[in-house]
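[1] pasting the structure only:
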């Protein structure tokens, strides 16, 4: 039997401050091209001027945000970015909704890229505490996800985590129709860059 296909999943969410009124989970799923995509995103951050800022901290840099998202739209991200948007969830379901969104994104990625069951995925979740890693891994396995490693990441520590953060911010701003982000979200969806689960 051949060795398993290696997948890498990067996750960020937004909306916990709304106390369950709006909760968005963004999942980036990639394979062996992850280092190439990291380099591409770092160059997009530099060129756009957004740097390593989180979406919320880059609010004043509207041109930088837009230029960065245009770079994402031009990059090799088709069928790799997924989001789930929940409303009126209450505050106790964040972990379960995050796990569900991850499982759905990995399943969708595998379908789009015609991957068999012979895979293992490493999952990196922004802000996940060490004590939660084992529990999240168990929940993913119960949903049929073949996880290799589950780990937390420091806020904005890696280009693909920063991408997940920025797409989460875009979807959140689009939900409140802030600054015309609804049109940009629709454009990225039409291109197949981001997909709602």
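    On my side now, so go ahead. This structure is a prediction, so every number in the text was calculated from the model and none was measured. Numbering: from 1, shown residues only.
[2] Spit out the contact partners of the residue positioned nearest the centre of the chain.
    The chain has residue 27 as the residue nearest its centroid, 2.8 Å off, counting by Cα atoms, centre = their mean. By Cβ atoms under 8 Å, 6 or more residues apart in numbering, the contact list for residue 27 reads 9, 10, 11, 81, 82, 83, 84, 101, 102, 105, 106, 164. In this view, the C-beta of every residue, glycine as well, is placed from N, C-alpha and C.
[3] how about 10 Å then?
    Applying Cβ atoms under 10 Å, 6 or more residues apart in numbering to residue 27 gives the contacts 9-13, 80-84, 98, 101-106, 108-109, 123, 125, 164, 167-168, 195, 197.
[4] swap in residue 4?
    Contact partners of residue 4, counting by Cβ under 10 Å, 6+ apart, are 115, 116, 117, 118, 119, 120, 121, 146, 148.
[5] same thing but at 6 Å, please
    118, 119, 120 (Cβ atoms under 6 Å, 6 or more residues apart in numbering).
[6] Name the nearest residue to it, sequence neighbours excluded.
    Computed as Cβ to Cβ, 6 or more residues apart in numbering, the closest residue to residue 4 that is not its neighbour in sequence is residue 120, at 4.5 Å.
[7] Could you do residue 160 as well?
    Computed as Cβ to Cβ, 6+ apart, the closest residue to residue 160 that is not its neighbour in sequence is residue 10, at 4.1 Å.
[8] Assign that neighbour to helix, strand or coil.
    Of the three states, residue 10 takes strand under DSSP: H, G, I helix; E, B strand; the rest coil.
[9] can I assume it is in contact with residue 28?
    Yes. Residue 10 is within contact range of residue 28, at 4.4 Å (criterion: Cβ atoms under 6 Å).
[10] Residues that sit against both of these two, list them.
    Common neighbours of residue 10 and residue 28 (Cβ under 6 Å, 6+ apart) are 160, 164.
[11] which one's the longest helix in this structure?
    helix 94-112 (DSSP state H).
[12] ok, residues contacting that one?
    Counting by Cβ under 6 Å, 6+ apart, 11, 13, 25, 27, 29, 79, 82, 84, 86, 121, 136, 139-140, 143, 145, 197 sit against helix 94-112.
[13] out of these, which are buried?
    11, 13, 25, 27, 29, 82, 84, 86, 121, 136, 139-140, 145 (16 or more other Cβ atoms under 10 Å).
[14] Of those residues, which pair is most distant in space?
    86 and 121 (22.4 Å; Cβ to Cβ).
[15] the bottom helix or strand of this protein by mean pLDDT?
    Ranked by mean pLDDT, DSSP states H and E, the helix or strand of the chain with the weakest confidence is helix 62-74, at a mean of 84.
[16] Please state the offset of that helix from the chain centre?
    Mean-position distance between helix 62-74 and its chain equals 16 Å (Cα atoms, centre = their mean, to the nearest Å).
[17] In terms of secondary structure, what does that helix contact?
    If you count contacts as 3 or more Cβ pairs under 6 Å, 6 or more residues apart in numbering; DSSP states H and E, helix 62-74 packs onto helix 34-48.
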